[in-house]
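**Q** Below are the sequence and a predicted model; questions follow.
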Number of protein chains: 2
Amino acid sequence: MARTQGSHSDITGPRIRKAALGLFARHGYAAVSMRQIAGEVGVQAGALYNYTPDKQSLLFRLMHEHMQELLSAYDDLDQSEDASEALRQFVGFHIRFHLERPDEVFIAYMELRNLTPENFTEIEALRRRYEDALEAILRTGQAARVFDIADTKIATLAVIAMLNGVMTWFRSGGRLSLDEVEQVYWDMVRRSVSA
Amino acid sequence: MARTQGSHSDITGPRIRKAALGLFARHGYAAVSMRQIAGEVGVQAGALYNYTPDKQSLLFRLMHEHMQELLSAYDDLDQSEDASEALRQFVGFHIRFHLERPDEVFIAYMELRNLTPENFTEIEALRRRYEDALEAILRTGQAARVFDIADTKIATLAVIAMLNGVMTWFRSGGRLSLDEVEQVYWDMVRRSVSA
DNA sequence: GTTCTATCTGAACATACGTTCAGATACGGT
DNA sequence: ACCGTATCTGAACGTATGTTCAGATAGAAC
């Protein structure tokens, strides 16, 4: 029996990507088979190929869409002219955006090595654009002497690394609320770059 | 022909682990086959099983040895009583130890999900011991009012995450020397926790 | 009510996987 | 010079992989 009841392209496509997202995040791209993904959707493996040309494209699409959403969500912020305030906005945005999408973030960063070289280059360029946004803030603050940073490039990476650390331990409903976490991290980031 | 010239257990064993280390780091545990590892050593796949009961044990041993070395190297430091100085020591030790072992570090952190539950528990306990060492420093400094930290547990994880970020970009022979890198990170860490 | 087509099944393809093991070989000890 | 054994080969095992495709079916269009 094919074309089971209530099946539609608009439904199956997203369901496949959602299943792949969860499985890739939990077990890793290489360790997940197309049959597992299909099984989670309730479909045979062959049906996946109505929605993706191959497994690699499935991974790439997940990562690409995530990075696009990250950048466009960040662009939607109307950033403060004040560097210190802009940095505070960045910290809050980064923590909240990433905590809302643990699987996407995990994949976008753990599965880079499983991308083909061309796909890797493309994702890397998007990641770079995001880093540049933070570096611009740090440079502005440095020029205005509100920050005192030895090396803005390193500081950019250090701040992002520090913020990403929150993903390894934060569980909603845990000891601290999101607001508290944001406050704690902002305190540390602010002091680490302040004049 | 078996038992080729100059082959010995003392030589092949380490060579297998070295090959596995590099391949796991580059392509990921799940994406690397026993035949690839054997090929890099110049041996047939079956020969690997003279040195490891299975693929999982190979991964576990690499991670376990790495964590043991980390802890014993840290224990060899004679730590300062002064919390600020102890933190400086920790930052320097962490950066140098980890930059000397990029592959080991990468694996110990990316391949956790490919460990069996029992193996995972064991590695996690070792990692926890290392984190506790840093937290002890932060607590001491907090008690002595030389640090001003909202939450020592979070600060511990934030500092380690920040320091680990150095591994994503540092290349020896690059723009900055190891000493300069250490100085830059120490500046940021110190300020992020200082009173 | 018939036709048309998007969607899915089920089976097959070639290839790869981790692991085992009988047999071959080269070195260390005598 | 010979033996014993640690070490490795080469082939095989069953299973799994990504991908393809002819055929079946269900809903949309008329």
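**A** Noted; the coordinates are in hand.

**Q** Report the helix of chain A that spans the greatest number of residues.
**A** helix A:117-143 (DSSP state H).

**Q** what's the distance between residue A:151 and chain B?
**A** 6 Å (C-beta to the nearest C-beta, to the nearest Å). To be clear about C-beta, it is placed using only N, CA and C from the backbone, and glycine gets the same treatment.

**Q** On the pLDDT front, check that residue for me.
**A** As predicted, residue A:151 sits at a pLDDT of 95.

**Q** Ok, residue A:135 next?
**A** Value listed for residue A:135 in the pLDDT field: 98.

**Q** Might you report the residue contacts of it?
**A** Contacts for residue A:135 (C-beta atoms under 8 Å, 6 or more residues apart in numbering or on different chains) come out as A:152-153, A:156.

**Q** Weed out the non-buried ones from the residues you listed.
**A** A:152, A:156 (16 or more other C-beta atoms under 10 Å in any protein chain shown).

**Q** Which of the contacts of residue A:135 lies at the shortest distance from DNA strand D?
**A** In terms of C-beta to the nearest atom of the strand, no member of these lies closer to DNA strand D than residue A:156, at 36.0 Å.

**Q** what's the nearest residue to the closest one if we skip its chain neighbours?
**A** In this structure, residue A:156 finds its nearest non-sequential neighbour in residue A:135, 4.3 Å apart by C-beta to C-beta, 6 or more residues apart in numbering or on different chains.

**Q** Would you map the strands across chain A?
**A** In order along the chain, chain A carries no strands (DSSP state E).

**Q** count of residues packed around the residue nearest to residue A:38 when sequence neighbours are not counted?
**A** In space, and not counting its chain neighbours, residue A:38 is closest to residue A:45: 4.4 Å by C-beta to C-beta, 6+ apart. Here the number of neighbours of residue A:45 (other C-beta atoms under 10 Å in any protein chain shown) works out to 13.

**Q** Okay, now the unreliable bits of chain A?
**A** Scanning chain A for pLDDT under 70 picks out the ranges A:1-7, A:9.

**Q** give the contact list for residue A:159.
**A** A:91, A:134, A:138, A:189, A:192-193, B:162.

**Q** switch to 7 Å and redo it
**A** By C-beta atoms under 7 Å, 6 or more residues apart in numbering or on different chains, the contact list for residue A:159 reads A:134, A:189.
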